[in-house]
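# build me a model:
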Amino acid sequence: PANGMRTAHRGRSASHRSGRRLRRGLTQALNVRGNSRDSNMSGAMLKRSPIVLPPGAGRAYPMGRMQAVFKADGQETDNRYSISEWWLDPKTTGPGAHAHDEDDVFYVLAGTMSFFMNDEWVDATAGSFVLVPAGVTHDFENRGAVRAGVLNFSAPGGFEPNMPAISGWFAENPPRDTEV
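Residues are numbered from 1 along each chain as shown. A predicted model of the protein is given here:
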């Protein structure tokens, strides 16, 4: 057609249809269910509700100069993952060298957190991402002069039930001053 407006309209429509197909394909790709790792789900998704927490909210586990705040775990995540914040006062040691059967993932929220991995310490400033592969002995501590915090992701979930015992242990063995 000779009508420029009509041609422009057709162009938008084709683009719109193409965009709709892309979104539909993406939606289908993101909505895959029955992943073989979901053995506890028996192929069905349990009904869960969205969670929105204001800053600082969650289930707190004080451990002297260190505090964990769990944002989601257990039934909230269908035990697929655990998300928690870990905050350390200035010049405070962390949990001590340990390893997990699963990867341990950290995102530094504030300050500088020092991580021990593969027999060396690495300083990670706010905005840093740290991936500790399964089986790697690691630790973290705040060697700085300001409070430092990390967001911790663990998969699978179900870590939080350990926190009362961990918190109790730290009540009897409080974090120390860092040596650095």
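# which residue sits closest to Ser84, ignoring its sequence neighbours?
In space, and not counting its chain neighbours, Ser84 is closest to Phe70: 4.6 Å by C-beta to C-beta, 6 or more residues apart in numbering. (Glycine included, C-beta is placed from N, CA and C.)
# quick check: the one you found vs Val150, distance?
Using C-beta to C-beta, to the nearest Å, we find Phe70 at a distance of 13 Å from Val150.
# likewise Thr178?
Distance from Thr178 to Val150, counting by C-beta to C-beta: 16 Å.
# just Met117 next, same as before
14 Å.
# also Gly58?
Gly58 is 14 Å from Val150, by C-beta to C-beta.
# common neighbours of those two, please.
Contact with both Gly58 and Val150 is made by residues Glu85, according to C-beta atoms under 8 Å, 6 or more residues apart in numbering.
# so what's the residue minimising distance to the centre of the chain up against?
The structure's the chain has its C-alpha centroid closest to Phe153; by C-alpha atoms, centre = their mean the separation is 3.0 Å. Residues near Phe153 by C-beta under 8 Å, 6+ apart: Tyr81, Ser82, Ile83, Val105, Phe106, Tyr107.
# may I have the beta-bridge partners of it?
Phe153 has these beta-bridge partners by DSSP bridges: Ile83, Val105.
# what about the residue nearest to Ser84, neighbour count?
The tally of other residues near Phe70 (other C-beta atoms under 10 Å) stands at 19.
# for it, which residues are in contact?
With the criterion set at C-beta under 8 Å, 6+ apart, Phe70 makes contact with Gly58, Arg59, Tyr61, Ser82, Ile83, Ser84, Glu160, Met163.
# dump the residue contacts of Thr93.
Glu141, Pro175, Arg176, Asp177, Thr178.
# distance of it from Gln75?
32 Å.
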